[in-house]
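In: A predicted structure for the sequence below; I have some questions about it.
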Amino acid sequence: MDRQDPLAPFQDRFVPIKDPNVVAYLDGNSLGRPLHRTLEVVQELVTSQWSSRMIRGWQEGWLHLPERIGDLLGGAALGAEPGQVILADSTSVCLYKALHAALSLRPGRCEIVTDTDNFPTDRYIVESIARDKGLMVRWIESDPAAGVTAQQVIDALSDRTAVVTLSHVAYRSAYIADMRAINEAVHAAGAMVVWDLCHTVGSVPVHLDATDSDFAVGCTYKFLNAGPGAPAFIYVRSEHQPTLAQPIPGWMSAADLYAMAPEYRAAPGIRAMLSGTPAITGLAGVMAGVELLSEAGIEQVRAKSTDLTRLAIALSDAWLTPLGFTLASPRDDALRGGHVTVSHPRAEELARILIDSGVIIDFRAPDGIRIGLSPLSTSFTGLWTALDRTRILASEALA
Ligand SMILES: *Cc1c(COP(=O)(O)O)cnc(C)c1O
């Protein structure tokens, strides 16, 4: 499979893993590995832009880097025409802004819909906004080994619904929500959708424009390999941009940045979603990650991702099921994103043993072990070796 893999040469674009004890890195869905190119762009930023141009750097490109990279990312991975994506803050903060902005377009409605197994930061922010604005949260009870279905969303909708917010790829199971059907149902009820694409972007292609999505947010340090804590992105459908209000208007989102005006007037377009000064060093890593994805092509990445997760499931069926593991991700390729979760009653202890022995996976409470498969940096042989090691270590530990 490695010999036939058209993306195999991309593994050389990553800085080799320095730790000799690492057998395989299967957690690129939590933190992608560093690119050689990131070193170059950060070096270039420090030595020739920042150190020689200094404050003039803002006028010579930095100021508009957030929307420039946003346009590239929109085209490479999100199915978004230019002018609708911008890099800013963290996903948590972008989600806070997007939810407020969506709510500002649906005054008089009193419910936010989300699901019980949504990522913690999403649930906490939804609850906090509901508390502050006197809204109600309508919880969809989602299956942790699957995800939210369009029918469950339809059942939760009413003329009270203002906003529905869901993760497109579930962080626990990798279940892919039906974006088109859910958008359609939510719009039929007169409400707005805010998608969290953290486990989607750089792994599963989406078509935000074509599916009529309203808002989306996501992070860049997972499958985009932009580096720990690199800025997040926010998508706002162009038709919503002129009328929305966002909750952290700052000087960077103002119409005239240097007017220092007594009153705030929002910038036209997607810049209205900014707040403060963009993190240029972090954006350098995002640029490197987005360029790499763009070169590889999201459809090719998705094809390899599907092959990797399918192999992980086949090996897990053969080697791990007899040891008491169960698959906690969809078997249907079309419903499964870029990672595979297996559960085991002693998962926490087993995860610690695996990580200590150089098989870097992650544990998700209460009983999940996630095998993350970042297509640009992971080989089929590496996956095989890691699961072979898992089989041996788990049978020793459970004997
Ligand atoms: C990783 C992840 C986040 C992280 O948000 P940060 O603000 O970057 O910490 C949010 N949502 C989902 C679904 C994630 O997978």
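Out: Received, thanks. Numbering: from 1, shown residues only.
In: And the helices in the chain?
Out: Counting by DSSP state H, the chain has these helices, from start to end: 36-44, 51-53, 65-73, 91-104, 120-133, 150-156, 179-188, 280-296, 298-315, 347-356, 380-398.
In: what sits against the residue lying closest to residue 160 once chain neighbours are set aside?
Out: Of all residues not flanking residue 160 in the chain, residue 111 sits nearest, at 4.6 Å (CB to CB, 6 or more residues apart in numbering). Quick note: C-beta positions are derived from backbone N, CA and C, even for glycine. Listed by CB atoms under 8 Å, 6 or more residues apart in numbering, the contact partners of residue 111 are 135, 136, 137, 138, 158, 160, 161, 162.
In: Show me which of those is closest to residue 245.
Out: residue 162 (13.8 Å; CB to CB).
In: Look at that closest one and say how many residues are nearby.
Out: 23 (other CB atoms under 10 Å).
In: tell me which parts of this protein are close to the ligand?
Out: Proximity of the chain to the ligand, by CB under 6 Å from any ligand atom, involves residues 90-92, 119, 121-122, 167, 171, 196, 198-199, 219, 232.
In: Now render those as TSV, adding pLDDT and distance to residue 365.
Out: Below are the residues of the chain next to the ligand laid out as TSV (pLDDT from 0 to 100; distance: CB to CB, whole Å):
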residue	pLDDT	distance to residue 365
90	98	22
91	98	20
92	98	20
119	98	13
121	98	15
122	98	17
167	98	17
171	97	12
196	98	20
198	98	18
199	98	17
219	97	21
232	98	24
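In: so can I have JSON lines of those residues showing neighbour count?
Out: Below are these laid out as JSON lines (neighbours: other CB atoms under 10 Å):
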{"residue": "90", "neighbour count": "17"}
{"residue": "91", "neighbour count": "25"}
{"residue": "92", "neighbour count": "16"}
{"residue": "119", "neighbour count": "18"}
{"residue": "121", "neighbour count": "16"}
{"residue": "122", "neighbour count": "23"}
{"residue": "167", "neighbour count": "27"}
{"residue": "171", "neighbour count": "24"}
{"residue": "196", "neighbour count": "27"}
{"residue": "198", "neighbour count": "25"}
{"residue": "199", "neighbour count": "28"}
{"residue": "219", "neighbour count": "24"}
{"residue": "232", "neighbour count": "26"}
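In: residue contacts, whatever residue of the stretch 201-350 of the chain ends up closest to the ligand?
Out: Nearest residue of the stretch 201-350 of the chain to the ligand: residue 219, at 4.4 Å (CB to the nearest ligand atom). Shown in contact with residue 219 (CB under 8 Å, 6+ apart): 90, 91, 198, 201, 230, 232, 233.
In: In the stretch 251-399 of the chain, where is pLDDT below threshold?
Out: Applying pLDDT under 70 to the stretch 251-399 of the chain flags no residue at all.
In: One more pass at 90, please.
Out: Low-confidence segments of the stretch 251-399 of the chain (pLDDT under 90): 257-261.
In: How about the stretch 1-150 of the chain?
Out: 144.
In: So which residues of the stretch 201-350 of the chain form strands?
Out: 215-218, 232-236, 326-327, 339-343 (DSSP state E, counting those that start in this stretch).
In: Report all helices and strands that the second one contacts.
Out: Same thing as strand 232-236. strand 85-88, helix 91-104, strand 215-218 (3 or more CB pairs under 8 Å, 6 or more residues apart in numbering; DSSP states H and E).
In: In TSV, list the contacts of residue 111 along with distance to residue 303.
Out: Listed next are these as TSV, based on distance: CB to CB, whole Å:
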residue	distance to residue 303
135	42
136	42
137	38
138	37
158	40
160	42
161	36
162	38
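In: Filter those residues down to just the buried residues.
Out: Neighbour-count burial (16 or more other CB atoms under 10 Å) applied to the contacts of residue 111 gives 135, 138, 161, 162.
In: Contacts only, for the spatially most central residue of the chain.
Out: By CA atoms, centre = their mean, the chain has its centre lying nearest to residue 198, at 1.2 Å. Taking CB under 8 Å, 6+ apart as the criterion, residue 198 is in contact with 91, 119, 167, 169, 171, 217, 218, 219, 222.
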